[in-house]
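*Asks:* Got a predicted structure here, sequence first:
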Protein chains: 2
Amino acid sequence: MNDLPLIECIANVSEGRNSQVIATIVQAIESVPGVAVLHQTSDHDHHRSVITFVGRGPAVAEAAFRLVAEAARLIDLDQHYGAHPRVGACDVLPFVPLGSATLAECVALAEQVGARIGAELGLPVYLYEAAARRPERRNLADVRRGGYEALKASIHTSERKPDFGPSVVGKAGAVIVGARQPLIAYNVFLTTNDVKIAQAIAKAVRASSGGLAGVKALGLLVDGRAQVSMNLVDHQRTPLHRVMELIRRECQRYGVAVLKSELIGLIPQQALYDAAAWYLQLDDFGPERVLEQRLMQYVNVLE
Amino acid sequence: MNDLPLIECIANVSEGRNSQVIATIVQAIESVPGVAVLHQTSDHDHHRSVITFVGRGPAVAEAAFRLVAEAARLIDLDQHYGAHPRVGACDVLPFVPLGSATLAECVALAEQVGARIGAELGLPVYLYEAAARRPERRNLADVRRGGYEALKASIHTSERKPDFGPSVVGKAGAVIVGARQPLIAYNVFLTTNDVKIAQAIAKAVRASSGGLAGVKALGLLVDGRAQVSMNLVDHQRTPLHRVMELIRRECQRYGVAVLKSELIGLIPQQALYDAAAWYLQLDDFGPERVLEQRLMQYVNVLE
């Protein structure tokens, strides 16, 4: 099993306030041997937690199933109101290839875990992004449109028929399972509490309304601040610095500025190198110029 | 010997044009078991190469000695004219602690290698920075003032008496051996060929003339461009982005801009993280947010 490549799973869970519930869900993941929880982050206003874990395919699939079961048992969406859109207790469950793993392997995992959630937990499951079986389900925002409340009213339509599980919405809602390349979840806080400005800037920068390719963005109010909340789905083509500089320019238009930014979950190292090199105008920079990277390459010579 | 911590040595050699000479010097370093050459860079206009290698103390000391012997044999300073100040064939030879190594261990290595160069190669040796035996020799620029040509005329004065070796300057000049913390060698090219502007900006940013602490800077003409050539000796206190932004501001004053920048040798990873986090305004960023860093921590769980 050690020959299998590592798969990352980033569970988005609709609980950002009760630390006991979050800890129980994390324990369910960690109960599977060969799985490591790399990072977790919870947001009170979003009322949402993001838990990143890795392992070989079979171990990650088992951990993903156990976490969905715990989330469905512990979270009641009829009592859940947060700033972030959601359709389920475990809202989104993407599998992401690391190292030599492929997107196709992640699609297979999504199908296997999705089928099991539908059959054993009786929850409706939608497959999205690379795992989508219908083109209109590729985009997460389309699958989630209207959230839990709208899904309850519309799940019996043929349009919203789940890919797995029954056409029944209980208190745990549905689970959106998929496969995708790594993304960067990046939020920018503005020096205003006017959420309309964040919404206007989100509209300006996101691909779907004429902005940058590979950028998804929402304007939200978080901690009393206007926030542009984003996913960068292809940071190699549309790097962080280009997104940040466009936001700064749009901020000027509205007479505000960037207060600070934050990452949700983890960021690939290369994205930070790219940002540093761009801002410092290091034209010929590559990871081979980083002392720690070079040391790792020569570890055999030096031992 | 594997229990000893790694030591880095960054040899500055007065040959940046003849690749055969440089290759021979690199081979002398690599002839020592347990030593890895991590990086090398040669500059035609500076007529200088910087070779970075690592290993445990005894191996690095042996490799440093062999490279000085080869440089002294192959390089004739009477035929050497470059943009960069220099006093010897192997001009500067600092030892730098990595990981759990200490500066005191590097001082001991500098003394040991310096004594051997003086005794076995008959070259004058000056100890600098943390290894300096006289306060006026701590600063490299002071030890090197006037270069090879001035040293020939003044080596018999008590002021310039070498710490090791004879008061005799042959065609290989002298060797400045020392111990220091890691530094970042960083050059910024301007959109002008007016070296006076680079010199004025260098004066504005360097500590010795009222600029930023821990910044050493020269204005040079390289590849037909004005260049601010710098060493940042304490990047944790005086980070790259602060230096870069001050240079950009000074450039505006002179109606020029930064064309590009370059690193000489290697850069500690943290310096790139710090620059990315500053420019992206990532207030709560730390290396634990980097996917690759987290994976390394869990390598035992995942195997």
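*Replies:* Perfect, thanks for sending it.
*Asks:* what about A:Ala61, is that helix, strand or coil?
*Replies:* helix (DSSP: H, G, I helix; E, B strand; the rest coil).
*Asks:* For it, give its distance to B:Val107.
*Replies:* Counting by Cβ to Cβ, to the nearest Å, the separation of A:Ala61 from B:Val107 is 55 Å. To be clear about C-beta, it is placed using only N, CA and C from the backbone, and glycine gets the same treatment.
*Asks:* Would you agree A:Met296 falls within a helix?
*Replies:* Yes. Read with three-state DSSP, A:Met296 is one of the residues of a helix.
*Asks:* quick one: A:Leu98 from B:Leu302, how far?
*Replies:* Per Cβ to Cβ, A:Leu98 is found 10 Å from B:Leu302.
*Asks:* Quick check: neighbours shared by these two?
*Replies:* A:6, A:54, B:295 (Cβ atoms under 8 Å, 6 or more residues apart in numbering or on different chains).
*Asks:* Which of those residues has the largest number of neighbours?
*Replies:* A:Val54 (26 neighbours; other Cβ atoms under 10 Å in any protein chain shown).
*Asks:* Can you dump the C-alpha atoms of the host helix or strand of it in PDB for me?
*Replies:* Using DSSP states H and E, A:Val54 maps to strand A:48-56. Only the C-alpha atoms of strand A:48-56 are listed here, as PDB (Å, rounded to 0.1, in the frame of the first residue of the first chain):
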ATOM      1  CA  ARG A  48     -17.900  26.300   8.800                       C
ATOM      2  CA  SER A  49     -14.700  24.200   9.300                       C
ATOM      3  CA  VAL A  50     -12.300  23.100   6.700                       C
ATOM      4  CA  ILE A  51     -10.300  19.900   7.600                       C
ATOM      5  CA  THR A  52      -7.400  18.800   5.400                       C
ATOM      6  CA  PHE A  53      -6.200  15.200   5.600                       C
ATOM      7  CA  VAL A  54      -4.000  12.900   3.500                       C
ATOM      8  CA  GLY A  55      -3.200   9.300   3.100                       C
ATOM      9  CA  ARG A  56      -3.200   6.500   0.400                       C
END
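*Asks:* so when I look at A:Leu220, I'm seeing a strand, right?
*Replies:* Yes. Counting by three-state DSSP, A:Leu220 is found in a strand.
*Asks:* tell me which parts of the stretch 1-150 of chain A are close to chain B?
*Replies:* A:2, A:6, A:8, A:34-36, A:38-39, A:54-56, A:98 (Cβ under 8 Å from any Cβ of the partner chain).
*Asks:* Let's verify A:Leu123: helix, strand, or coil?
*Replies:* coil.
*Asks:* isn't it right next to A:Leu93, touching?
*Replies:* No. Assessed by Cβ atoms under 8 Å, A:Leu123 is found out of contact with A:Leu93, at 11.1 Å.
*Asks:* Now list whatever residues contact both of these two.
*Replies:* By Cβ under 8 Å, 6+ apart, the residues touching both A:Leu123 and A:Leu93 are A:68, A:175.
*Asks:* ok, now how distant is the residue lying closest to A:Gly88 once chain neighbours are set aside from A:Glu136?
*Replies:* Excluding the flanking residues, the one nearest A:Gly88 by Cβ to Cβ, 6 or more residues apart in numbering or on different chains is A:Gly173, at 3.5 Å. Going from A:Gly173 to A:Glu136 by Cβ to Cβ gives 20 Å.
*Asks:* Could you do A:Ala277 as well?
*Replies:* In terms of Cβ to Cβ, A:Ala277 sits 39 Å off from A:Glu136.
*Asks:* Pick out whichever of these two has more residues nearby.
*Replies:* Comparing A:Ala277 with A:Glu136 by other Cβ under 10 Å, the one with more neighbours is A:Ala277, at 22 against 9.
*Asks:* Can you give me the pLDDT of that one?
*Replies:* Confidence at A:Ala277, expressed as pLDDT, is 98.
*Asks:* which residues touch it?
*Replies:* A:285, B:272.
*Asks:* tally of neighbours for the residue nearest to A:Gln236 when sequence neighbours are not counted?
*Replies:* Nearest residue to A:Gln236 in three dimensions, chain neighbours excluded: A:Gln270, at 7.5 Å (Cβ to Cβ, 6+ apart). As a burial measure, A:Gln270 scores 16 neighbours (other Cβ under 10 Å).
*Asks:* Tell me the buried residues in the strand or helix carrying A:Gln270?
*Replies:* Using DSSP H and E, A:Gln270 maps to helix A:269-279. For helix A:269-279, a neighbour-count test (16 or more other Cβ atoms under 10 Å in any protein chain shown) marks A:269-279 as buried.
*Asks:* Stretch A:193-205 too?
*Replies:* So, applying 16+ other Cβ under 10 Å, buried residues of stretch A:193-205: A:195, A:197-205.
*Asks:* Stretch A:20-39 too?
*Replies:* Applying 16+ other Cβ under 10 Å to stretch A:20-39 flags A:21-22, A:24-26, A:28-30, A:32, A:34-39 as buried.
*Asks:* Looking at these, which two lie furthest apart in space?
*Replies:* Using Cβ to Cβ, these reach their maximum pairwise distance at A:Val21 and A:Gly34, which is 24.8 Å.
*Asks:* Relative to A:Asp76, which of the buried residues of helix A:269-279 is nearest.
*Replies:* A:Ala271 (36.7 Å).
*Asks:* Hmm, A:Leu183 and that closest one touching each other?
*Replies:* No. Using Cβ under 8 Å as the test, A:Ala271 is too far from A:Leu183 to be in contact (10.3 Å).
*Asks:* where do the strands sit along the stretch 101-250 of chain A?
*Replies:* Secondary structure of the stretch 101-250 of chain A, counting by DSSP state E, counting those that start in this stretch: strands at A:125-129, A:175-179, A:184-190, A:215-222, A:225-232.
*Asks:* before we move on, the earlier item: any residues in contact with both of A:Ala271 and A:Leu183?
*Replies:* The contact lists of A:Ala271 and A:Leu183 share A:His235, where a contact means Cβ under 8 Å, 6+ apart.
*Asks:* Identify the residues contacting A:Cys251.
*Replies:* A:190, A:201, A:257-258.
*Asks:* ok, now how distant is it from B:Thr191?
*Replies:* Relative to B:Thr191, and taking Cβ to Cβ, A:Cys251 is found at 28 Å.
*Asks:* now do A:Tyr273
*Replies:* Following Cβ to Cβ, the distance that separates A:Tyr273 from B:Thr191 is 25 Å.
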